[in-house]
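Asker: sharing a model prediction with you, sequence too.
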Amino acid sequence: MQREPNTLSPGAGTPNPDGPARIIRVGIVAKPGLTDTAVELTAVTAWLDARGIESVVEDETSKMADLRSRPKASRDDLPYRVDLMLVFGGDGTLLGMADRIAQADREIPILGVNFGSLGFLTEIAASELLPSLEAALDGTAVIEARMMLRSRVDRAGRTYVDRIVLNDVAVTGGSLSRIVEFSVSVSGDFVARFNADGLIISSPTGSTAYNLSAGGPIVHPAVDAMVLNPIAPHTLTNRPVVIPADAEVAIQPVLQRPGDEAFVTFDGQSGVQLENGDIVHIQRARRPMRLVRGSAHSYYEVLRKKLRWAER
């Protein structure tokens, strides 16, 4: 994680010779069906209008909040059209947009407003929206660069799937309760064959998600590392391992018994079934995700509030 002033990637916004690139278009997307956000969505578009900033609203969000007269875009197209992304919802909504921004090869900052149940990434409350947005627009907001992971599935010598994720890549067995053998190497060095329900490769940001539920360590976002965490391994000696961020992990499920199945899941948002011989590669993505932080919240405060850390 790097704390830095509010600067934008080349090509985003209008270059300002006196400081960071100026934000002239803000994308707005809300969790589907989150009708409680309609008032805030209407208010924030009016607030942006008053400052001469164009708001581009995601298609379904515009219908939900009756903002049909506004410029619209699909979730996939929105990253190409804006300089800042406002996300209303929970962490799942933010993950979906972070992955789309990465696939578009952009570095658009994301400001997440929490309307979900946890909101570890969408840490900004609705009451903090306008002050946080104003700080993002005037260049005084704290923006953290969060490492993302690139995952590629090789099948028969070709790339079958290529995805970028913020939290984690999970390679797991099928729906039936049976363990699968996974062969794992890191940067070409053989690690082990794991008989387990699966394996999670987590970024520091994702260490508080599926990795944490599977007994993995919390990794501060400033630590340049990944976590390799077997899920329910059939052994008494296994532990999660923190590995360098510049490593490349390769996972090959061994599917030799009738009924053996394996899947790879990207941030819990999408996934594909694997075939015997497939290899899942995971490494650091070329670009980070840029997260606008609420100035009033430290990382440890978020841990205490959202995860009830150290509570009895």
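Answerer: Received the coordinates, thanks. Given the structure is predicted, the values throughout are model-derived calculations rather than measurements.
Asker: so Gly89 bridges to which residues?
Answerer: Beta-bridge partners of Gly89, counted by DSSP bridges, are Asn114.
Asker: which ones are touching it?
Answerer: Listed by C-beta atoms under 8 Å, 6 or more residues apart in numbering, the contact partners of Gly89 are 30-31, 34, 37, 112-116, 122. Using the backbone N, CA and C atoms, a C-beta is placed for each residue, glycine as well.
Asker: and stretch 171-190, which residues are buried?
Answerer: Using 16 or more other C-beta atoms under 10 Å as the burial criterion, the residues of stretch 171-190 that qualify are 171-173, 179-182, 184-186.
Asker: lowest-confidence entry in the residues you listed?
Answerer: Comparing pLDDT over the buried residues of stretch 171-190, the lowest score belongs to Ile179 (83).
Asker: isn't that residue up against Gly173?
Answerer: Yes - Ile179 lies in contact with Gly173 (C-beta atoms under 8 Å); the separation is 6.6 Å.
Asker: mind listing the shared neighbours of these two?
Answerer: Asp197.
Asker: pLDDT at Ile231, what is it?
Answerer: 95.
Asker: share the number of residues neighbouring it, please.
Answerer: By other C-beta atoms under 10 Å, 22 other residues sit near Ile231.
Asker: what's it sitting at in phi/psi?
Answerer: Here the main-chain torsion angles of Ile231 (degrees, to the nearest 10) amount to phi -100, psi 120.
Asker: now Thr45: which helix or strand?
Answerer: According to DSSP states H and E, Thr45 maps onto helix 38-50.
Asker: pLDDT averaged over that helix - what is it?
Answerer: For helix 38-50, mean pLDDT is 93.
Asker: other SSEs contacting it?
Answerer: Applying 3 or more C-beta pairs under 8 Å, 6 or more residues apart in numbering; DSSP states H and E, one finds that helix 38-50 makes contact with strand 25-30, strand 54-58, helix 59-64, strand 84-89, helix 129-138.
Asker: what angle sits between that helix and strand 25-30?
Answerer: On the basis of axes from the mean of the first three to the mean of the last three C-alpha atoms, to 10 degrees, helix 38-50 is oriented at 180 degrees to strand 25-30.
Asker: so helix 38-50 versus helix 129-138, what angle?
Answerer: Counting by the same axes, to 10 degrees, helix 38-50 lies at 30 degrees to helix 129-138.
Asker: distance from the chain centre to helix 38-50, please.
Answerer: In terms of C-alpha atoms, centre = their mean, to the nearest Å, the centre of helix 38-50 is found 26 Å from the chain centre.
Asker: what segments of the chain are helices?
Answerer: Using DSSP state H, the helices of the chain run over 38-50, 59-64, 78-81, 91-103, 129-138, 210-213, 299-307.
Asker: for the first one, buried residues please.
Answerer: Buried residues in helix 38-50, counted by 16+ other C-beta under 10 Å: 38, 40-41, 44-45, 48.
Asker: farthest-separated two in those?
Answerer: The largest separation in those, counting by C-beta to C-beta, is between Ala38 and Leu48 at 16.1 Å.
Asker: can you give me the end-to-end distance of stretch 277-288?
Answerer: 31 Å (C-alpha to C-alpha, to the nearest Å).
Asker: cool, stretch 108-119 as well?
Answerer: End-to-end span of stretch 108-119 (C-alpha to C-alpha): 20 Å.
Asker: start at 145 instead
Answerer: All right, first residue 145 from here; so that's stretch 252-263.
Asker: and that stretch, average pLDDT?
Answerer: Mean pLDDT, computed over stretch 252-263, is 84.
Asker: let me see the contact set for Gly318.
Answerer: 324, 403-407.
Asker: tell me the spacing between it and Leu265.
Answerer: Distance of Gly318 to Leu265, given as C-beta to C-beta, to the nearest Å: 30 Å.
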